[in-house]
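structure for this input, please:
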Amino acid sequence: MNPAQYFIAINPVGLTGAAAVRYVRDVREHLTWIHRTVSGRILLNCIRRPSFPIEIRPHPTAECNAVGGAEQKAAGAAWTGVVTYTPFAFSAHGSCALLPAGQTFGRLWDEILFHELVHVFRNATGRWNTAPALSFGMRQYDDNEEFIAVLCSNIYVSDRSNRIKSGLRAGHADFSAMAPADAARFGLFMSSKAAFGLVKQFCTDNPIFTKALSDRLADVEYNPIADYYRYPKLCETLSVIGDLKDRARMIDALVAMRIPRAVAAQLIMGIP
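Numbers count the residues shown, from 1 in each chain. You can find the predicted model right below:
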C-alpha cells in the first residue's frame, strides 16, 4: 500500500535518525493493515482527494491519545487533513499500558488510526458537526463525531477481512467492552432514543461511504448502518421503544405500522 496514492504523507516531525525511520515504517504498516480490509479500503477511497491531503505525524504529548481532523498550516491557507498518532503510546510499554485491566477494546494500532481517519473523512466532506450534545444512553460516546468514529471503528473490528482485532468498544469515554445487549443486532437502536436520529443523519451526510459499508458488510457481526438501510422503520421503532425485554410491545408497535403480525413476530423474535 502506497500512502501517496491516497494523498497521505507520513511526517516524523520531532524525530530524527532511527526513531524517524521507525515511525514512518510503523505508520505505513498500520495503514497497510487498514488497506487490507474491505472497510479500510472503503474509507481510504472515500477520503482520497488531491484537494485535501492528509499528514500523519507524532502526537505532541506522551499520552494515551490520538487526534484526527483538519488544520490550516498558515492563516488563509486551504484546510488539510491531519492525524497526530504515535504507535508506541498504544503498545505494551506505552502510556496506554497504564490503563486499568480490560481497557483494550478498539485500542489496537490500526483500530486507533482507522478511528482518527474517520474524523479526517468527516472534515474532508465538510460534514464535521459535534452537535447535538449526547446524554443518557449515548453519553459514553461524548459527542456526535465520536459516536460516528466509534460506530465505524466497531464495524471495522467486525469486518471479516480484518484478521487481527480486539473487540467492540463501548464508547469513546474509555476502551471498555461493549455490553452484550448493545452488541446484539439492533442493540444500538434499542440503547437510546437518540440512536436512530444519529445514524440517519450520518447516512444522510455521507451516503456513498455509509451505503458502501452497508452493501459490502451487510452480514458481519456488528453493522447498525446495514440494519438502518435494510430496516429503517424497524430501527426507528426499536429506538423509540428501547426495551429489549418487552418483545410483545415491539411486535404491537410494528403491527401499528401496518407490518403483518407474523412478519413482525419473525423479525422481533429473531433478535438475540
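
from what I see, Ala183 and Pro224 are in contact.
No - judged on C-beta atoms under 8 Å, Ala183 makes no contact with Pro224 at a distance of 10.5 Å. (Glycine included, C-beta is placed from N, CA and C.)

which one of those two is surrounded by more residues?
Pro224 (23 against 18; other C-beta atoms under 10 Å).

and that one, how far from Phe209?
From Pro224 across to Phe209, the span is 14 Å (C-beta to C-beta, to the nearest Å).

any idea which element the residue nearest in space to the middle of the chain lies in?
Nearest to the mean C-alpha position of the chain, counting by C-alpha atoms, centre = their mean, stands Cys152 at 2.5 Å. Using DSSP states H and E, Cys152 falls within helix 144-158.

helix or strand right after that helix?
On the C-terminal side of helix 144-158, the nearest following helix or strand under DSSP H and E is helix 180-183.

does the residue lying closest to Trp128 once chain neighbours are set aside count as helix, strand or coil?
Leaving out its chain neighbours, the residue that sits closest to Trp128 by C-beta to C-beta, 6 or more residues apart in numbering is Arg122, at 4.7 Å. At Arg122 the chain is in helix, as set by DSSP: H, G, I helix; E, B strand; the rest coil.

list the buried residues in stretch 150-165.
150-159, 162, 165 (16 or more other C-beta atoms under 10 Å).

how far out from the middle of the chain is that stretch?
9 Å (C-alpha atoms, centre = their mean, to the nearest Å).

now the terminal residues of it, how far apart.
Terminal residues of stretch 150-165 lie 14 Å apart, using C-alpha to C-alpha, to the nearest Å.

circling back: distance of the residue nearest to Trp128 from Ser135?
Distance from Arg122 to Ser135, by C-beta to C-beta: 21 Å.

what about those two, which has more around it?
The residue with more neighbours, out of Arg122 and Ser135, is Arg122; 25 against 9, by other C-beta under 10 Å.

quick one: contacts for the more buried one?
Counting by C-beta atoms under 8 Å, 6 or more residues apart in numbering, Arg122 touches 128, 145, 148, 205-206.

if we go to 10 Å?
47, 68-70, 128-129, 144-145, 148-149, 152, 202, 205-206, 209 (C-beta atoms under 10 Å, 6 or more residues apart in numbering).

same question for Ser166.
Ser166 touches 104-108, 111, 157, 175, 177, counting by C-beta under 10 Å, 6+ apart.

let's see it at 6 Å
By C-beta atoms under 6 Å, 6 or more residues apart in numbering, Ser166 lies in contact with 104-105, 107-108.

widest-spaced pair of those residues?
Spanning the widest gap among these are Phe105 and Leu108, at 9.4 Å by C-beta to C-beta.

if I look at the closest residue to Ile47 other than its chain neighbours, how far off is Glu29?
Among residues not flanking Ile47 along the chain, Phe121 sits closest, at 4.7 Å (C-beta to C-beta, 6+ apart). For Phe121, the distance to Glu29 (C-beta to C-beta) stands at 21 Å.

between the two, tell me which one has more neighbours.
When Phe121 and Glu29 are compared for neighbours, Phe121 comes out ahead with 25 against 13, by other C-beta under 10 Å.

pull out the buried positions in stretch 102-121.
Of all the residues in stretch 102-121, those buried under the rule 16+ other C-beta under 10 Å are 103-121.

what of stretch 93-103?
If you call a residue buried by 16+ other C-beta under 10 Å, then stretch 93-103 has these buried ones: 95-96, 103.
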